[in-house]
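> Just need the structure, nothing else, for what follows:
(one chain, ligands or ions: 2)
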Amino acid sequence: MAYPIILAIESSCDDTSAAVLAGGQIRSNVVATQRVHEQYGGVVPELASRAHQQHLIPVVQEALRQAGVTKAELDAVAFTQGPGLLGSLLVGSMFAKTFALALGKPLLAVNHMRAHILAHFINEPRPTFPFLCLTVSGGHTQLVVVKSPPDMQVVGQTIDDAAGEAFDKTAKLLGLPYPGGPHLDKLASTGNPTRFPFPVGAMPGYDFSFSGLKTAVLYFLRQQTAKNPNFIQENLPDLCASIQHTIIQTLLRQLQRAAADLGLTQIALAGGVAANSGLRAALQNLAAEKGWAVFIPEFQYCTDNAAMVAMTAHFQFEAGDFAPQLVSPDPRLKL
Ligand code: KG4
Ligand code: ZN
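Ligands and ions are numbered 1, 2, ... in the order given. Presented below is the predicted three-dimensional model:
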């Protein structure tokens, strides 16, 4: 079979997504984002599972319709096995297993973190192996050496909060709506990034730490608002720019160190935080200085989506890496 037709399901957190890959190309990528969590300031796992259950079948039907593919034409069904929220993963995995069984098609179990990285192969330009990938999302911050689709090695990761959490938690302290990352990004564009110096999390090797920043921002805001209750409102763009600058410095310092030590010049950015305009600009500047080739996927393939799951499943299909019907979701699945 030259190119398989694959239906992929992503349900690891709060986005329900289905995609179809055919002829080696993504033919559809439908994402239903759950708005129910906004009022709680974070993802509520039980509500996420219920929303996946409501969204999944219409999302799959729409993905097949947009791709112009019938169920009978599918060669395999792929799903996100982990990491993620157990209840959310269960909805996607049970659907995929049942669908594959009913259709008599093979099943592909995909690692969500590998999928974020292999999203780089959906469209041109594609990095060549080996490359170094910085995956930054709401749940993860990892530096990964990618030697081939199956051969990936985590060389550094966060020891506490993920970069996206650092954005979201500090944005919450500033009174911004959830998820705060995009709001903070927007406000930062008109602020002074060096006005308020916050600590850059200093870790040995290539690991990251963001909990110190959150605490520093919390104490600083408490101190300042005790003197001036309007401090946040009066300084919002500068506060956002300074926080964003600190997060970017923390990320790029370790990235730069790993790239130099490991002799890698192809640098890829993945995950929802790759949408951050300050991070993109700072990485492009650093790349120009270092002579790196930088790869950043389209925004729709940076945040959680099933297209990246389909792309990863395609590599697994070619390698004959199928999953048995007994496969279970694994909330803590390692890379
Ligand atoms: O990859 P993703 O969609 O979901 C996870 O797997 O976590 O990432 C979501 C994270 C959230 O923390 C969100 O605030 C952050 O990505 N994010 C941003 C921006 N857009 C999304 N953070 C900073 N600046 C942005 N423009
Ligand atoms: Zn993700």
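
> what's whatever residue of the stretch 151-300 of the chain ends up closest to ligand 2 sitting at in phi/psi?
Per Cβ to the ion, Gly271 is where the stretch 151-300 of the chain lies closest to ligand 2, at 5.9 Å. To be clear about C-beta, it is placed using only N, CA and C from the backbone, and glycine gets the same treatment. Here is the backbone geometry of Gly271 (degrees, to the nearest 10): phi 90, psi 170.

> who's in contact with the closest residue in space to it that isn't next to it in sequence?
Distance criterion Cβ to Cβ, 6 or more residues apart in numbering; nearest residue to Gly271, sequence neighbours excluded, is Ser137 at 3.5 Å. If you count contacts by Cβ atoms under 8 Å, 6 or more residues apart in numbering, Ser137 has them with 116, 162-164, 270-273, 304.

> and if we set it to 10 Å?
Applying Cβ atoms under 10 Å, 6 or more residues apart in numbering to Ser137 gives the contacts 13, 112-113, 116, 162-165, 181, 270-274, 302-304.

> Tell me the pLDDT of it.
Per-residue pLDDT puts Ser137 at 93.

> tell me the average confidence for stretch 242-261?
98.

> again, but for stretch 94-102
98.

> contacts for that stretch?
Contacts for stretch 94-102 (Cβ under 10 Å, 6+ apart): 7-9, 11, 18, 52-53, 56-57, 60, 71, 74, 76-81, 105-110, 322-329.

> In PyMOL, select just the buried ones from the residues you listed.
Command for PyMOL, covering only those of the contacts of stretch 94-102 found buried under the criterion 16 or more other Cβ atoms under 10 Å:
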select buried, resi 7+8+9+11+18+52+53+56+60+74+76+77+78+79+80+81+105+106+107+108+109+110+322+323+327+329
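
> Out of the contacts of stretch 94-102, list just those in helices.
Secondary structure from DSSP state H places 52-53, 56-57, 60 of those in helices.

> Show me the two of those that sit farthest apart.
Gln53 and Val60 (12.4 Å; Cβ to Cβ).
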